[in-house]
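# Need coordinates for the below:
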Amino acid sequence: MAQDYIPSGDSDAIADGRVRVIYALANLAKLNLTEADITPLQTALDEFEAQYNENVMQQAKARSSREAKDGKRKGWETLDRAFNGRMQSDLEVTDEDRAAMKLRVYDKVKTDSAAAINSFPVGVVDTGQKLRHEISWRDSATPDSRARPQGVFGCQIFYKIGGDAPVDVKECEEAAVDRNSPYTMEFEGADGGKTCWYLLRWIMNSGEKGAISPLLSATITN
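Presented below is the predicted three-dimensional model:
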């Protein structure tokens, strides 16, 4: 099948069309044409180009609006996760309060959790993808097993982007309490090349918190 002489891309099609109009107007007699022959073609091309430019502008606005929305969400999530952490750790906040605020209410069923409380998640960070970390973990007491210790609800993940290494979780933000390894962290473009620090600990079904893991660090891949 012969290739169409009109390019499929709008900008290329407009450029080629403009060449034809300009050439035809400059060579009317040679091409046995009059301006009246070219005017409808030129008008249609002008209208096409104007609509194309409007479409490009609207797409740019949509991208900008989406990026602004994503930035606002990230800012809100950071504050909301900090709020959640405070509500989960405050002994005066009841489960009824947490449920009313759509926060997680941990299972209070008691289990034999002494061994799990004394152990901690041993984490590994995969930095192979752009602006993404995959954090996987196993229990320090059973490093050859992928199973969570008895009585453990999930792994609580704290992080800090850039700066000095955090001394404890108070200097970090909570990423999640994740039940299944690995957990994926997504970053903004401005974070590329920075160091992200991680601290992990077990959260029990009872709501009790385990020991803090050794500090992990990984570079955010550009």
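# what's the next secondary structure element after the top helix by length along the chain?
Counting residues, the longest helix found in the chain (DSSP state H) is helix 35-89. From helix 35-89 onward toward the C-terminus, using DSSP states H and E, the following helix or strand is helix 95-100.
# The longest helix of the chain - contacts with which helices or strands?
Of the remaining helices and strands, those touching helix 35-89 by 3 or more Cβ pairs under 8 Å, 6 or more residues apart in numbering; DSSP states H and E are helix 10-26, helix 95-100, strand 173-178. Bear in mind the C-beta positions are built from the backbone N, C-alpha and C, glycine included.
# Distance from the second one to the middle of the chain?
For helix 95-100, the gap between its own C-alpha mean and the chain's C-alpha mean amounts to 29 Å (Cα atoms, centre = their mean, to the nearest Å).
# for the record, mean pLDDT for the longest helix of the chain?
Per-residue pLDDT over helix 35-89 has a mean of 91.
# tell me the angle of it relative to helix 10-26?
160 degrees (axes from the mean of the first three to the mean of the last three Cα atoms, to 10 degrees).
# Tell me how far helix 35-89 lies from the chain's centre.
Centre to centre, stretch against its chain (Cα atoms, centre = their mean), the figure for helix 35-89 is 18 Å.
# Between strand 173-178 and that helix, find me the angle.
Relative orientation of helix 35-89 with respect to strand 173-178: 80 degrees, computed using the same axes, to 10 degrees.
# Look up the closest residue to the residue sitting nearest the centre point of the chain, ignoring the ones flanking it.
Most central in the chain under Cα atoms, centre = their mean is residue 186, positioned 4.2 Å from the mean C-alpha point. Spatial nearest neighbour of residue 186, excluding adjacent residues (Cβ to Cβ, 6 or more residues apart in numbering): residue 132 at 5.8 Å.
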